[in-house]
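Novice: got a predicted structure here, sequence first:
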Amino acid sequence: MTAAEPATTVSIASGPLVGPILRRVVGMLAARADLPLDRLDDAVLVADLIAARAPAHSIDDKINVALDPGDRSLLLRVGPLRQGGGQALIVDAAVPGVGNVIEQLADELSVNPEGEIEYLHVRLAYANGR
Amino acid sequence: MGRTKLTPHLLRGGAHESSTDRRLRRRAAPPVPQPGADVRLTLPARPENVAVVRHVLGAFAEALDLPADTVEDMRLAITEACTNVVRHAYREGESGPIDVVISPNGDWLDIIVTDYGAGMSPSPDLSGPGLGLPLIAALADSVDLQPVPNSRGSRLSMSFRCRPALGLA
């Protein structure tokens, strides 16, 4: 992707469409980023978690995700979220007996505040490509 | 408001109203972008992204359990619309977005494909605009093509009647 190229973004109204659509977009872009099958599966799992947890922390009734496929990596930028929503979303992704799924699967995870709102950045990459 | 409908026959410069044109006028109120639209997808106008749009439409249709024949019509129409953007909207070396909005509206499913490029015009390599727009008009229950305000781009709005009624409208 060139620097001048527009970003890929998806905005979905909260509800039953979020999971199926986000999963499909993330899966396709993960495949295009040449992530191997196990990491593609991880990316789809992260997308499912975002779809399930992000509506509670979004500033409106939409889930917005920007996707940036790179060299064997995929960056997801989730938001805008309300203040504290990024960390809350990460905490919500904990599964009893398993731990925090997003923290375990992501290669990079950060919450980036921008004024009154914030964005959750999740990067998944192929281990040998780091 | 004085909005101009750019139908395929107008693009061809013909005065005769074809069956395609009648279909274009079938639905009185064409869809307009809604702030609360259910799905908005913005992608670089590249060939490989047409498949992403098709998959998103497929996921949408599965979630709403839309009739298979309607979904096939929608898939073909949205593929043609996005391919038009990829091929014609932006000059060689210029990058720009395809903006796709999909929203249920009562018994209808509205799909709007927008670009911010050079706008719709007859293809330089053909005597007319090609098959894309007439095909879309034949598949959709209504079609409306308009210029994007404050831009040279185009907005193609398509509506498909879906029965039984959409569950999420």
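Specialist: Done, it's in.
Novice: quick one, helices of the chain?
Specialist: Let's take chain A. Assigned by DSSP state H, chain A shows helices spanning A:18-32, A:37-53, A:85-92, A:101-105.
Novice: let's do chain B instead
Specialist: B:8-12, B:19-24, B:47-64, B:68-84, B:132-139.
Novice: out of the ones you listed, which gets nearest to A:Gly115?
Specialist: helix B:47-64 (30.5 Å; C-beta to C-beta). Any C-beta I mention is one placed from the backbone N, CA and C, and that applies to glycine too.
Novice: average pLDDT across the closest one?
Specialist: The average pLDDT for helix B:47-64 rounds to 92.
Novice: check which helices and strands that helix sits against.
Specialist: strand A:8-13, helix A:18-32, strand B:39-44, helix B:68-84, strand B:97-105 (3 or more C-beta pairs under 8 Å, 6 or more residues apart in numbering or on different chains; DSSP states H and E).
Novice: how does it look with 6 Å?
Specialist: Contact partners of helix B:47-64 among helices and strands, from 3 or more C-beta pairs under 6 Å, 6 or more residues apart in numbering or on different chains; DSSP states H and E: helix A:18-32, helix B:68-84.
Novice: go through stretch A:37-48 and flag the buried ones.
Specialist: A:Arg39, A:Leu40, A:Asp42, A:Ala43, A:Val44, A:Leu45, A:Val46, A:Ala47, A:Asp48 (16 or more other C-beta atoms under 10 Å in any protein chain shown).
Novice: and it, does that touch chain B?
Specialist: No - applying C-beta under 6 Å from any C-beta of the partner chain, one finds stretch A:37-48 separated from chain B by no less than 11.7 Å.
Novice: which residues does that stretch contact?
Specialist: A:Gly19, A:Leu22, A:Arg23, A:Val26, A:Gly27, A:Ala30, A:Ala31, A:Leu74, A:Ile102, A:Leu105, A:Leu124, A:Tyr126 (C-beta atoms under 6 Å, 6 or more residues apart in numbering or on different chains).
Novice: rerun at 7 Å
Specialist: A:19, A:22-23, A:26-27, A:30-31, A:35, A:74, A:101-102, A:105-106, A:122, A:124, A:126 (C-beta atoms under 7 Å, 6 or more residues apart in numbering or on different chains).
Novice: cool, and stretch A:89-99?
Specialist: A:Leu49, A:Arg53, A:Ala54, A:His57, A:Leu81, A:Asn100, A:Val101, A:Ile102, A:Glu103, A:Leu109, A:Leu120.
Novice: tally of neighbours for the nearest residue to the fourth one once chain neighbours are set aside?
Specialist: Closest residue in space to A:His57, ignoring its immediate chain neighbours: A:Gly85 at 3.2 Å, by C-beta to C-beta, 6 or more residues apart in numbering or on different chains. Burial of A:Gly85 is recorded as 24 neighbouring residues (other C-beta atoms under 10 Å in any protein chain shown).
Novice: need the per-residue pLDDT for A:Gly85.
Specialist: pLDDT at A:Gly85 comes out at 93.
Novice: could you do B:Pro147 as well?
Specialist: According to the model, B:Pro147 carries a pLDDT of 89.
Novice: can you check B:Gly13 too?
Specialist: So B:Gly13 comes in at 35 (pLDDT).
Novice: need the pLDDT of the residue lying closest to A:Leu49 once chain neighbours are set aside.
Specialist: Residue nearest to A:Leu49 in three dimensions, not counting chain neighbours: A:Ala93, with 4.8 Å by C-beta to C-beta, 6+ apart. On pLDDT, A:Ala93 comes in at 87.
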